[in-house]
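Participant: Show me the folded form of this:
(chains A and B)
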Number of protein chains: 2
Amino acid sequence: MQTYVIPFNKPFIAGRELEHITEAVAAGKLSGNGAFTKRCQVWFEERYGFGKCLLTTSCTDALEMAAMLTGVGPGDEVIMPSYTFVSTALAFVRQGAKIVFADSGARHPNLDASRLEELVTERTKVIVPVHYAGCACDMDAIMGIADRHGLKVVEDAAQAVDSWHVGKDGKKRALGSIGHLGCFSFHETKNIIAGEGGMLAVNDPSLARRAEIIWEKGTNRAEFFRGEVNKYGWVDIGSSFLPSELTAAFLWGQLEHLDAIQAKRKRLWELYREELSGAPRDDFALPEIPPWATNNAHCFYLVCRDLDTRTRLIARLKAQGILAVFHYLPLHSSPFFADKHDGRALPNCDRYADTLVRLPLYYELGEDDVRRICRIVLE
Amino acid sequence: MQTYVIPFNKPFIAGRELEHITEAVAAGKLSGNGAFTKRCQVWFEERYGFGKCLLTTSCTDALEMAAMLTGVGPGDEVIMPSYTFVSTALAFVRQGAKIVFADSGARHPNLDASRLEELVTERTKVIVPVHYAGCACDMDAIMGIADRHGLKVVEDAAQAVDSWHVGKDGKKRALGSIGHLGCFSFHETKNIIAGEGGMLAVNDPSLARRAEIIWEKGTNRAEFFRGEVNKYGWVDIGSSFLPSELTAAFLWGQLEHLDAIQAKRKRLWELYREELSGAPRDDFALPEIPPWATNNAHCFYLVCRDLDTRTRLIARLKAQGILAVFHYLPLHSSPFFADKHDGRALPNCDRYADTLVRLPLYYELGEDDVRRICRIVLE
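Facilitator: As a prediction, this is how the structure comes out:
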């Protein structure tokens, strides 16, 4: 395998992650739902105004919990973008729901909210907006459609920690706090990492009790330990969604430095934009931030003119030891789903799959590195 | 919450766990399927003769993968003991299968293999023997029934790391290597720990390729990185079953000391038996190891005469600052399952649920602690 002078991503230690792990061992608790788990959960609830937060072993697991909590099953339809990671769809497929894939917007990989309502049928139960690159979907439009049709909204905020939506009412709301449920990732490629990890924010209070039960393997164990019931047992579906205290202790070490991490990433992101904004725009376009969104500097991407331009750009960077990567293969035409798709063309999704490229962006990346990458891009 | 002089369990650092985590960070890989994951997997394959091993975030997740790989769905029946942890059942319920609960044996909590075949119907697809306390089920009988009826066998070896079955053919086989699939736990209460964690052993080679795909969120990503396919995408169901390198690095630190850990646990277990074996046997019975099984010292339990005797014993230990615990509430009569059960009485299961008590047993427990606990038990 080639090693890169500048990899696409690099996990990092922000501060006292390893001390916290040692502390968890000393405290005699390494399984899930311990002191560090609770500390992380409360931190998110207080800082971002989320409902009840539950750490999970991955964002996939948070999405699976959300799928269970929405109550979808065979015959129900769930609308989501095709331009997303496979987990967004997998979680709902596992509950037996039918996925209806939406196209991306013409100017942003996020789902095109202006064409969302035409996908709603009598069987639609859930909309899953994915905040691509941490950039808010048009949540005013999406929540409006959900309200009109009585749908649940599950925000896939995997990339969207510390990012916001400013509504028409002027209110600034954290992404993941707007829908009934919000799902986050702490995978090593995210702004805040725990190796693998995730979190479910349960913003609809009527779902909170069941969320905790599903999280604890379908048992009312958490209520038992709080003294609310006098024995615990199997009461519902569920799984082992909770991560160990190793994971939570590491995550806490990151959360203690979130502001510094975000400041550093935003500086690098702005530097990319400055260095590239003078370039002629026929070869590639820079990321756009819609007026209702903030930028959490999760990802700096370019939308190339065509597949060939992207292929050449990635090859040129690779020749200099720099790894830039593309994603996603459209889910609607994947080997698993192609014969289940209703045949609609999703041209914007296909275009982003062919032309979007992500440049290196991680905590320990240097400003000189960014300038060097930009010089190669501009050549 | 009360703190105990002698807790029931205590997680421990066996050696270089934290160094390994630091090394994983330095190597630039904290997400799943990295160097430590591969090292752990190969170690298990070579030491115990397992088929392809895949680390998971929990034994629940390993069981879910197994349930997917057996291909069970609505209308199919899966036989397992009622006296087990809820995850054994949950994983198969999630695939839509019907659970048929078997009773425990008269002299051992493991399922009564002599009465297993009468539960097999035309719809039976899978048998799930659970090796309680790490002690082998009668695998000759179980594999024979599976062979006769064309059933898959998923060993729930959550407690059964480093334990063996000696067949009628004289062959000694590691638990988890005998069925088509074997599932392990590295939860902090187990012999070898990673906080939360598990592993699937895929002993049936025809299931290995699909296992890897299901593990990697339904994608053929692993094949892509080995250069076997030239792009990867969504090809199957699956989930994010793989743990982070944080978890794998910690686990590797434990595996390096497995022999020492096992020697220590066996010494403590034998000490319990020696100290208690002279006691009059009308109040409680000691654990029995069937002739085909070995003892991996996962758990030292007593089977009390009745519920009242157990309640008094637990209270007496608690008064001295010692935590002894019972489990499991029978799954067949749980709030979730009671109305789905076929009404058969499972008297041995009910008896163990009422009378079995587990005494403290962990790596850092002292021999003096064991003697002290035994004195209180004998009083």
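
Participant: Going by neighbour count, which residues of the lowest-mean-pLDDT helix or strand in chain A are buried?
Facilitator: One helix or strand of chain A scores below all others by mean pLDDT, DSSP states H and E: helix A:221-225, with a mean of 87. Across helix A:221-225, burial judged by 16 or more other CB atoms under 10 Å in any protein chain shown covers A:221-223. From N, CA and C alone the C-beta is placed, and that goes for glycine too.

Participant: Save those as TSV, and put in distance to A:A260 too.
Facilitator: Converted to TSV, those look like this (distance: CB to CB, whole Å):
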residue	distance to A:A260
A:R221	37
A:A222	33
A:E223	38
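
Participant: For the least confident helix or strand of chain A, which helices and strands make contact with it?
Facilitator: Contacts defined by 3 or more CB pairs under 8 Å, 6 or more residues apart in numbering or on different chains; DSSP states H and E place helix A:221-225 against helix A:208-215.

Participant: now the nearest residue to A:E223 once chain neighbours are set aside: how far from A:V235?
Facilitator: Nearest residue to A:E223 in three dimensions, chain neighbours excluded: A:V229, at 4.9 Å (CB to CB, 6 or more residues apart in numbering or on different chains). To A:V235, A:V229 is 10 Å away according to CB to CB, to the nearest Å.

Participant: What of A:R310?
Facilitator: With CB to CB as the criterion, A:R310 and A:V235 are 51 Å apart.

Participant: Spit out the contact partners of the most centrally placed residue in chain A.
Facilitator: By CA atoms, centre = their mean, the mean C-alpha position of chain A lies nearest to A:A158, the distance being 1.2 Å. Each residue near A:A158 by CB atoms under 8 Å, 6 or more residues apart in numbering or on different chains is listed here: A:59, A:85, A:87, A:130, A:183-185, A:187, A:190, A:198.

Participant: Go again with 10 Å.
Facilitator: A:58-60, A:62-63, A:84-85, A:87-88, A:130-132, A:134, A:176, A:182-187, A:189-190, A:198, A:298 (CB atoms under 10 Å, 6 or more residues apart in numbering or on different chains).

Participant: Contact distance from chain B - what residues of the stretch 101-250 of chain A qualify?
Facilitator: Contacts of the stretch 101-250 of chain A with chain B, taken as CB under 10 Å from any CB of the partner chain, map to A:185-189, A:193-198, A:213, A:216-221, A:225, A:227, A:231-250.

Participant: How about residues contacting stretch A:278-287?
Facilitator: A:107-109, A:132-133, A:135, A:269, A:272-273, A:276-277, A:295, A:299-306, A:309-310, A:312-313, A:355-357, A:374, A:377-378.

Participant: picking up where we left off before, so what's the residue nearest to A:E223 up against?
Facilitator: Contacts of A:V229 (CB under 10 Å, 6+ apart): A:220-223, A:235.

Participant: Dump the helix or strand containing A:L313 to PDB, keeping only the CA atoms.
Facilitator: Using DSSP states H and E, A:L313 sits in helix A:307-319. Coordinates of each C-alpha in helix A:307-319 appear next as PDB, following Å, rounded to 0.1, in the frame of the first residue of the first chain:
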ATOM      1  CA  LEU A 307     -15.200  12.700 -14.300                       C
ATOM      2  CA  ASP A 308     -12.100  12.900 -16.500                       C
ATOM      3  CA  THR A 309     -11.000  16.200 -14.800                       C
ATOM      4  CA  ARG A 310     -11.500  14.600 -11.400                       C
ATOM      5  CA  THR A 311      -9.500  11.500 -12.300                       C
ATOM      6  CA  ARG A 312      -6.600  13.600 -13.600                       C
ATOM      7  CA  LEU A 313      -6.700  15.800 -10.400                       C
ATOM      8  CA  ILE A 314      -6.600  12.900  -8.100                       C
ATOM      9  CA  ALA A 315      -3.800  11.300 -10.100                       C
ATOM     10  CA  ARG A 316      -1.800  14.500 -10.100                       C
ATOM     11  CA  LEU A 317      -2.100  14.800  -6.300                       C
ATOM     12  CA  LYS A 318      -1.300  11.200  -5.800                       C
ATOM     13  CA  ALA A 319       1.900  11.600  -7.800                       C
END
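
Participant: Buried residues in the helix or strand just after it, which are they?
Facilitator: Going down the chain from helix A:307-319, the next helix or strand is helix A:347-355, by DSSP H and E. Neighbour counts over helix A:347-355 (16+ other CB under 10 Å) mark A:348-355 as buried.

Participant: What is the nearest of those residues to chain B?
Facilitator: A:A353 (10.4 Å; CB to the nearest CB).

Participant: Tell me which stretches of the stretch 51-200 of chain A form helices.
Facilitator: A:59-70, A:86-93, A:139-149 (DSSP state H, counting those that start in this stretch).

Participant: I'd like those as TSV, with mean neighbour count and mean pLDDT appended.
Facilitator: Formatted as TSV, these follow (neighbours: other CB atoms under 10 Å in any protein chain shown; pLDDT from 0 to 100):
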stretch	mean neighbour count	mean pLDDT
helix A:59-70	28	98
helix A:86-93	26	98
helix A:139-149	17	98
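
Participant: To B:R115, which of those lies closest?
Facilitator: Closest approach to B:R115 among these (CB to CB): helix A:59-70, 34.7 Å.

Participant: Quick one: distance of that closest one to the chain centre.
Facilitator: Taking CA atoms, centre = their mean, to the nearest Å, one finds the center of helix A:59-70 at 13 Å from the center of the full chain.

Participant: what helices or strands is that helix leaning on?
Facilitator: Under the contact criterion of 3 or more CB pairs under 10 Å, 6 or more residues apart in numbering or on different chains; DSSP states H and E, helix A:59-70 touches strand A:52-56, helix A:86-93, strand A:124-127, strand A:152-156, strand A:181-185, strand A:198-202, helix A:208-215.

Participant: Find the residue closest to the residue of chain A positioned farthest from its centre in space, skipping its chain neighbours.
Facilitator: Largest separation from the mean C-alpha position in chain A: A:N230, at 37.9 Å (CA atoms, centre = their mean). Closest residue to A:N230 in three dimensions, ignoring its sequence neighbours and counting by CB to CB, 6+ apart: A:F224, at 7.6 Å.

Participant: got the contact list for the one you found?
Facilitator: A:F224 touches A:216, A:230-233, counting by CB under 10 Å, 6+ apart.

Participant: Buried members of those residues into PyMOL, please.
Facilitator: Only the buried entries of the contacts of A:F224 go into this PyMOL selection, using 16+ other CB under 10 Å:
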select buried, chain A and resi 216+232+233
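
Participant: closest to chain B among the contacts of A:F224?
Facilitator: Among the contacts of A:F224, and counting by CB to the nearest CB, the member closest to chain B is A:G233, at 4.4 Å.

Participant: pLDDT below threshold where in the stretch 101-250 of chain A?
Facilitator: Judged against pLDDT under 70, the stretch 101-250 of chain A has no low-scoring part.

Participant: Mind telling me the two of the contacts of A:V229 farthest from one another?
Facilitator: Maximum distance among those (CB to CB): 11.5 Å, for A:A222 and A:V235.

Participant: what do those two both touch?
Facilitator: A:213, A:216, A:229.

Participant: Which one of those is nearest to B:M143?
Facilitator: Looking across those and measuring by CB to CB, the closest to B:M143 is A:E216, at 33.8 Å.

Participant: circling back: let me know which of the helices and strands packed on helix A:59-70 is the nearest to A:L116.
Facilitator: The nearest among these, by CB to CB, is strand A:124-127 at 7.1 Å.

Participant: Output the closest one as CSV, restricted to C-alpha atoms.
Facilitator: Extracted C-alpha coordinates of strand A:124-127, given in CSV (Å, rounded to 0.1, in the frame of the first residue of the first chain):
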residue,chain,number,x,y,z
THR,A,124,-44.4,7.6,3.5
LYS,A,125,-43.5,7.6,7.2
VAL,A,126,-40.0,9.2,7.5
ILE,A,127,-37.8,11.7,5.8
